[in-house]
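Colleague: one predicted model, sequence on top.
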Amino acid sequence: MQELNLPVYEFRIKTEGSKKYIFDLVRKRFVLLTPEEWVRQHFIRYLTEEKKYPESLMAVEKQITLNGKLFRFDLLVYRRSGQPLLIAEFKAPGVKVSQETFDQVVRYNMALKVERIVVSNGLQHFVCEIDYKQNNYKYLREVPGF
């Protein structure tokens, strides 16, 4: 898999036939190793190891309903109180992070009202913090610690 603009981590990877699987610490199972999954697993490790976000407060690929439609987010991190804190959308390294990508995660956030949004393809990372009281947002250099 491609080297990413994230720290290097050791992963449990297994091969079955011609397919590779990576162990997901959040879902506690092996999942198909795709380029997007490679980015997600690196970012989960980055959040847990570098930024001290507890993996027990993370949800991966959960469905939400918005205006009667089902959507699936890539990663959601909760506060200890149970309120959503951070939502992340991941793309494969070969996929350019576009306005469409941001629109997708902002749509999810309409239902969740998180204060931190992350969009990453593993090479480029965009972090936004939303202030609902001031009704504005700002881009950050990096993900704040937990």
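Modeller: Okay, I see it.

Colleague: what's the pLDDT at the residue lying farthest from the centre of the chain?
Modeller: For the chain, the largest distance from the centre (C-alpha atoms, centre = their mean) belongs to Gly17, which lies 28.4 Å off. Gly17 carries a pLDDT value of 96.

Colleague: gap between it and Asn109?
Modeller: 39 Å (C-beta to C-beta, to the nearest Å). For the C-beta atoms, the positions are set from N, CA and C on the backbone; glycine is no exception.

Colleague: so who does Phe102 touch?
Modeller: Phe102 makes contacts with 119, 126, as judged by C-beta atoms under 8 Å, 6 or more residues apart in numbering.

Colleague: change it to 7 Å
Modeller: Val119 (C-beta atoms under 7 Å, 6 or more residues apart in numbering).

Colleague: and if you look at Val60?
Modeller: So Val60 contacts 24, 26-27, 75 (C-beta under 7 Å, 6+ apart).

Colleague: most neighbours among these, which one?
Modeller: Among the contacts of Val60, Leu75 has the most neighbours (other C-beta atoms under 10 Å), with 22 neighbours.
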